[in-house]
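# Structural data only, the sequence is not supplied:
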């Protein structure tokens with residue numbers, strides 16, 4: 001058995017990736033084995049490095065990353081924890097129905113983030129109660145309701161593909 005939790009962190013912002021790395025190292029003695037700014041860039045590392053968890057920024061809106069996330073989720077390992085803000089309910093539901101192990105808001109407390117990571121790694125699902133004001137409902141045809149946030153416009157295909 002290998003030592004410690006192995007994680008991959010995916011977020012478009014380097015400062016967020018760095019903060020998650022330090023948080024995981026300090027609180028869980030984790031080893032962040034790979035970082036990327038999008039899921040497509042991390043897909044090979046996820047399969048090759050076999051982490052215990054992937055923490056991914058939501059929403060995912062570029063098609064290449066959506067397809068990569070679907071392939072990772074379809075494999076069943078590792079569990080994927082969504083981490084984001086300004087989410088639409090449809091995006092969260094699509095992520096959950098596609099195999100996402102849970103979601104924690106970037107507005108969450110550090111204790112909630114820690115609890116979410118521990119739960120997901122142990123095989124549990126984590127559903128953070130999201131305050132209604134942090135959820136976004138878009139009405140524009142170009143907003144996330146149209147593109148369906150995490151799934152780049154393919155919510156129906158994503159859900160029915162499983």
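Structure's in. What do you need? Quick caveat: nothing in here was measured; it's all calculated off a predicted structure.

# From the chain's centroid, how far away is the one helix or strand residue 45 maps to?
Applying DSSP states H and E as the criterion places residue 45 in helix 39-49. On the basis of Cα atoms, centre = their mean, to the nearest Å, helix 39-49 sits 14 Å off its chain's mean C-alpha point.

# ok, residue 114 to residue 79 distance?
15 Å (Cβ to Cβ, to the nearest Å). To be clear about C-beta, it is placed using only N, CA and C from the backbone, and glycine gets the same treatment.

# higher neighbour count, these two?
residue 79 (25 against 16; other Cβ atoms under 10 Å).

# which residues touch that one?
Applying Cβ atoms under 8 Å, 6 or more residues apart in numbering to residue 79 gives the contacts 52-54, 101-102, 120-121, 123.

# if we can go back for a sec, by contact count, what packs against the helix holding residue 45?
With contacts taken as 3 or more Cβ pairs under 8 Å, 6 or more residues apart in numbering; DSSP states H and E, helix 39-49 sits against strand 6-10, strand 31-36, strand 53-58, helix 63-75.

# Now do the shortest one against strand 53-58, angle only.
Counting by axes from the mean of the first three to the mean of the last three Cα atoms, to 10 degrees, strand 6-10 points 10 degrees away from the direction of strand 53-58.

# so how far is the very next helix or strand once past strand 6-10 from its chain's centroid?
Note on strand 6-10: by DSSP H and E, the next helix or strand toward the C-terminus is helix 14-28. Centre-to-centre, helix 14-28 and its host chain are 15 Å apart (Cα atoms, centre = their mean).
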